[in-house]
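Novice: Sequence and predicted structure, then a few things I'm wondering about:
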2 protein chains.
Amino acid sequence: MANWFDNGEALEHLAIDDRGFQYGDGLFETVAIRNGAPRLWEFHLERLARGCELLRITMPRKDRLLRAAMDAVGGSNVSSAYCIVKIIVSAGASRRGYGRKLVKVPSVLCGVFPSSPPPLKLYRDGTRAVLCQTRLALDSVVRGVKTLNRIEQVLARSEFNAADVFEGLTMDADGNIICGTMSNVFFVKNKTVSTPSLQRCGVAGVMRRHVIETLQAQGTGVATTVVSAADFGASDEVFVSNSQFGVMPLSGCANWDWGVGPITRKVMQTMADSGVAECRL
Amino acid sequence: MANWFDNGEALEHLAIDDRGFQYGDGLFETVAIRNGAPRLWEFHLERLARGCELLRITMPRKDRLLRAAMDAVGGSNVSSAYCIVKIIVSAGASRRGYGRKLVKVPSVLCGVFPSSPPPLKLYRDGTRAVLCQTRLALDSVVRGVKTLNRIEQVLARSEFNAADVFEGLTMDADGNIICGTMSNVFFVKNKTVSTPSLQRCGVAGVMRRHVIETLQAQGTGVATTVVSAADFGASDEVFVSNSQFGVMPLSGCANWDWGVGPITRKVMQTMADSGVAECRL
């Protein structure tokens, strides 16, 4: 059972003329709450600000967003030790039409969801993915940010349902590997860690950024490259990242088997040391 | 003031966990009601059915859709002689996540909006458009149909606000002309009527289809082509089509001036004869 809040007040319904519903005219962030605090909060705020800039929506004040998120957690029946807050910022209600006629203020809604860490087994043994048929469109003006336009992810996610499949990897329309439906992906070849370029599509996850910046600070670095499905499949190791589960090995996808390699384990240790407790084996 | 209905019952609010809001997981049609009946109803139904197929949403029964639309008009304070019904079919409410977990049934919502024919002057003298900076992404899996993912149109529409600008034309990421924010576009060169190919992006409008099929039935035909902005600008005549206003001349866009030509007038007469009364000069 979800708990939704608008400025601290419990909310079950949305104005039907909210542009988030009518046109997907808005953005969202899915924030991990750990030990009573939002994880990678600044990264979420920066992506949201970039999205607001692209969508020409007034970015809500940062202190207001934090208060809204934490008031929602506090007002919910969910433990603040470990849960999820989904923050939706939409352009608000308006008259019919693509133009933002008579828009008052952006809607800022917070939903609180219970959550628990994935089983340790998944981190130790890795998980499997499928390669989705649904391809990502190229050169969207809103690539990189997390708008409410998520049909591609919905369709890709609808392609798998087996209990032992954790994620679906998506390619762009040109057949390059981009990301998972809910995660970003990293691959290791000849001891170099790389991640697909998001220049033409995909969502730039906050945990992806945390992995890249943490490895950079360590002097290891992460290469950002355009990678075909065939080259990706020939990787030595693969792992996925996400704001909730941190970093998890991908032991295989389709006909590819990578197992769980030493560099992935090292990255997980690095993540655990940086405060992403789920990655501690 | 809009009037929204769910199965004939007045509706002001939407369930906040409706997937239409959370992910743009749905479709819509904006239907012209003229003299108490929906115009181009079968074309709307066919596009909606194609959208439902692509989105793997169960297409509502056609008789149910017609009843829902007409019950909404009847229950509203709007004249059925001339108005708009916006029908939204979303995947319905579900748990958080791209997967359609525990989805019950699609939401079918109808909004009724007052409307009136555009001034005759616009049909006689033509209207002007701007060329939008916002480009359309290439090769979306949902190109052609009308999903609730409409960020591109919202952003393109936000680029103009002047009273004498009627529409914004959009190009794809490669710089080819595709359509307007709310209309499709036709261009005439050496007496041939053409319309941009929608193979890689864009929405295939019901009035576009009506124009194409009506001219085909007359033996004139309409060519569907990939057209660069430069070639488009060098057209002899240009007109736009939309389910509400029918067909309207575009006298100019950016630095291009086309005036209102004889073939456009002839197409408008053909449209008027086919029942699109707005086009009768």
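Specialist: Received it, and whenever you're ready, just let me know what you need.
Novice: contacts, neighbours, all on C-alpha from now
Specialist: Fine.
Novice: does residue A:250 sit in a helix, a strand or a coil?
Specialist: Put simply, residue A:250 is strand when judged by DSSP: H, G, I helix; E, B strand; the rest coil.
Novice: Tell me the bridge partners for it.
Specialist: Bridge pairing for residue A:250 (DSSP bridges) gives the partners residue A:127.
Novice: Same check on residue A:112?
Specialist: On the basis of DSSP bridges, residue A:112 is bridged to residue A:3, residue A:85.
Novice: Of all residues in chain A, which one is nearest the centre?
Specialist: In chain A, the residue lying closest to the centroid (CA atoms, centre = their mean) is residue A:205, at 4.7 Å.
Novice: For chain A, which segments count as helices?
Specialist: Remark: helices assigned in chain A by DSSP state H are A:19-23, A:41-55, A:62-75, A:120-125, A:151-157, A:206-217, A:229-233, A:262-273.
Novice: tell me which residues in stretch A:9-25 are buried?
Specialist: A:10-11, A:14-25 (16 or more other CA atoms under 10 Å in any protein chain shown).
Novice: which residues touch the residue nearest to the centre of chain A?
Specialist: When contacts are counted by CA atoms under 8 Å, 6 or more residues apart in numbering or on different chains, residue A:205 touches A:183-184, A:241-243.
Novice: ok, it to chain B distance?
Specialist: Applying CA to the nearest CA, to the nearest Å, the value for residue A:205 to chain B is 16 Å.
Novice: quick one: which of the contacts of residue A:205 is nearest to chain B?
Specialist: Set against chain B, the nearest of the contacts of residue A:205 by CA to the nearest CA is residue A:183 (11.9 Å).
Novice: Just the ones of the contacts of residue A:205 in strands?
Specialist: Those of the contacts of residue A:205 mapping onto strands are A:184, A:241-242, per DSSP state E.
Novice: who wins for neighbours among these?
Specialist: Among the ones in strands among the contacts of residue A:205, residue A:184 has the most neighbours (other CA atoms under 10 Å in any protein chain shown), with 26 neighbours.
Novice: Give me the local confidence score for that residue.
Specialist: On the pLDDT scale, residue A:184 is placed at 98.
Novice: close enough to count as contact, it and residue A:209?
Specialist: No. Contact criterion CA atoms under 8 Å: residue A:184 and residue A:209 do not qualify, at 9.7 Å.
Novice: Would you mind giving the contacts of residue A:205 as JSON lines with distance to chain B added?
Specialist: Supplementary listing: the contacts of residue A:205 in JSON lines, determined by distance: CA to the nearest CA, whole Å:
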{"residue": "A:183", "distance to chain B": "12"}
{"residue": "A:184", "distance to chain B": "15"}
{"residue": "A:241", "distance to chain B": "16"}
{"residue": "A:242", "distance to chain B": "13"}
{"residue": "A:243", "distance to chain B": "14"}
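Novice: now, among those residues, which is nearest to residue B:229?
Specialist: Among the contacts of residue A:205, residue A:184 lies closest to residue B:229 (CA to CA), at 36.2 Å.
Novice: For that closest one, name its beta-bridge partners.
Specialist: Beta-bridge partners recorded for residue A:184 (DSSP bridges): residue A:241.
Novice: what do you get for residue A:33?
Specialist: Residues in beta-bridge contact with residue A:33 (DSSP bridges): residue A:38, residue A:83.
Novice: Out of the buried residues of stretch A:9-25, the closest to chain B would be?
Specialist: Closest approach to chain B among the buried residues of stretch A:9-25 (CA to the nearest CA): residue A:21, at 4.0 Å.
Novice: Contact partners for the closest one?
Specialist: B:20-22, B:24, B:148.
Novice: Would you reformat the contacts of residue A:205 as CSV and include distance to residue A:56?
Specialist: Output for the contacts of residue A:205, formatted as CSV (distance: CA to CA, whole Å):
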residue, distance to residue A:56
A:183, 26
A:184, 26
A:241, 29
A:242, 27
A:243, 25
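Novice: Farthest pair within the residues you listed?
Specialist: By the measure CA to CA, A:184 and A:243 form the most distant pair in the contacts of residue A:205, at 9.8 Å.
Novice: Would you mind listing what in the stretch 51-200 of chain A touches chain B?
Specialist: A:55, A:98-100, A:134-141, A:148-155, A:157-158, A:173, A:181 (CA under 8 Å from any CA of the partner chain).
Novice: hmm, try it at 7 Å
Specialist: A:55, A:98-99, A:134-141, A:148-151, A:153-155, A:157-158, A:173 (CA under 7 Å from any CA of the partner chain).
Novice: what's the most distant pair in the buried residues of stretch A:9-25?
Specialist: Largest pairwise distance in these, by CA to CA, is 24.4 Å, between A:10 and A:23.
Novice: in chain A, which ranges drop under the pLDDT threshold?
Specialist: Across chain A, the ranges flagged by pLDDT under 70 are A:1-2.
Novice: cutoff 50 now
Specialist: Applying pLDDT under 50 to chain A picks out residues A:1.
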